[in-house]
Structure formats: structure tokens, C-alpha cells
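# Just the structure for this:
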Amino acid sequence: MSDFKQSTSNTIKLKACCINEVNCLQLSLPTPKRYERQIDYVLRLMLLGYSINTRTAQYIGIYNLHSVLHTLKRRGISFNIDHVKAYCPRAEAVLSNLVDKAYMHSEQVSLYKEKATTATTVTASNLNTGGRSLATNHQQNEESCK
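Residues are numbered from 1 along each chain as shown. Model (predicted):
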């Protein structure tokens, strides 16, 4: 019974993180944060200037990179996807079939950071006003429009 409990707790522990820290370090990638989900880790990699491909993703424990990238696209995050031959860490060779390679240019990183800053400001502003828009001196109020 104790073996079952230990096995279950190890399984839950692996599912919570899902990204193999040792393999990340082997590939000179940043260490995943304990609370970080796969989608957050992939986004952080691209924002830091790294590229990630299907083989690398599988090696570190992200088995469906295509789905992660699709979700990022749906969220309106701009990045590039190329189909390239890539090094396979498991086989220790470049394999002939093409894989997805995702990355961001510096302009895309700047745009993302600008949007993130703006979204935070708007949210904070809405929270401070209770979600209602307040008229200021440089905004026309309804009476002056009539």
C-alpha cells in the first residue's frame, strides 16, 4: 500500500511541473519555474530570445508543442513558425524530417511587452473606477457633444 501511495505522489508531482529541469539545463535552456505551465515556459523562452522546436520540446517534456503554439496564436501573441531540420537530443543527430521551430524577433518581443504593459494599466484603471469610465478634462463629456 505504501508503494502505491509513493507511486501516486510521484506521478502527481511529475504532472504538476511536466518540464524536465535536467534536460533543460543540458540544452542550456532556462530552468523552468516550479509553478510554470508549459505554455508559460514556451512563451518565456521566446521572450528571452530562445527558439524552440518540436524535438527540443519533446526532450524537455512538452510533447505537444503544436497545441501550445496554437493556443498562443489564439491569444493574439505574435511569433514565427518555420519548418526546419533540427537536432534531436535523444538521437544526438540532425534528423531529415522537418519539425516546427518557434521564435520571436525583437520587434515581436517589444510589441508583446508593450501590450502587456498597456493591458495591466487598463485593468488597474478599471479596477480603480469600478469598471466605469470617468470623464477627465481632456475628454469630452456627453453634454458638450449635444
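# moving C-terminal of the least confident helix or strand in the chain by mean pLDDT, what's the next helix or strand?
The helix or strand with the lowest mean pLDDT-type score in the chain, counting by mean pLDDT, DSSP states H and E, is helix 2-17 (a mean of 44). On the C-terminal side of helix 2-17, the nearest following helix or strand under DSSP states H and E is helix 21-26.
# what packs against that next one?
Based on contacts counted as 3 or more CB pairs under 8 Å, 6 or more residues apart in numbering; DSSP states H and E, the elements that helix 21-26 packs against are helix 54-60. In short, each C-beta sits where N, CA and C put it, glycine included.
# average pLDDT for the helix it packs on?
Averaged over helix 54-60, pLDDT sits at 96.
# Then stretch 28-43?
If you average the per-residue pLDDT over stretch 28-43, you get 93.
# I'd like the numbering to begin with 782 instead of 1 from here.
With the count now opening at 782, the last piece we talked about shows up as stretch 809-824.
# And it, what's buried?
Of all the residues in stretch 809-824, those buried under the rule 16 or more other CB atoms under 10 Å are Leu810, Pro813, Glu817, Gln819, Ile820, Tyr822, Val823, Leu824.
# Stretch 849-861 too?
Buried residues in stretch 849-861, defined by neighbour count with 16+ other CB under 10 Å: Val849, Leu850, Leu853, Ile858, Phe860.
# Contact partners for the third one?
Spelled out, it's Leu853. By CB atoms under 8 Å, 6 or more residues apart in numbering, the contact list for Leu853 reads Ile820, Val823, Leu824, Phe860.
# Identify, from those residues, the entry nearest to Tyr868.
Distance ranking of the contacts of Leu853 against Tyr868, using CB to CB, places Val823 first at 18.0 Å.
# Output the host helix or strand of the closest one as CSV, restricted to C-alpha atoms.
Taking DSSP H and E as the criterion, Val823 maps to helix 819-828. Extracted as CSV, the C-alpha positions of helix 819-828 are listed here (Å, rounded to 0.1, in the frame of the first residue of the first chain):
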residue,chain,number,x,y,z
GLN,A,819,4.1,24.5,-20.4
ILE,A,820,2.5,27.4,-22.3
ASP,A,821,4.1,29.9,-20.0
TYR,A,822,7.5,28.3,-20.3
VAL,A,823,7.4,28.3,-24.1
LEU,A,824,6.3,32.0,-24.1
ARG,A,825,9.1,32.9,-21.7
LEU,A,826,11.7,31.1,-23.8
MET,A,827,10.7,33.1,-26.9
LEU,A,828,10.6,36.4,-25.0
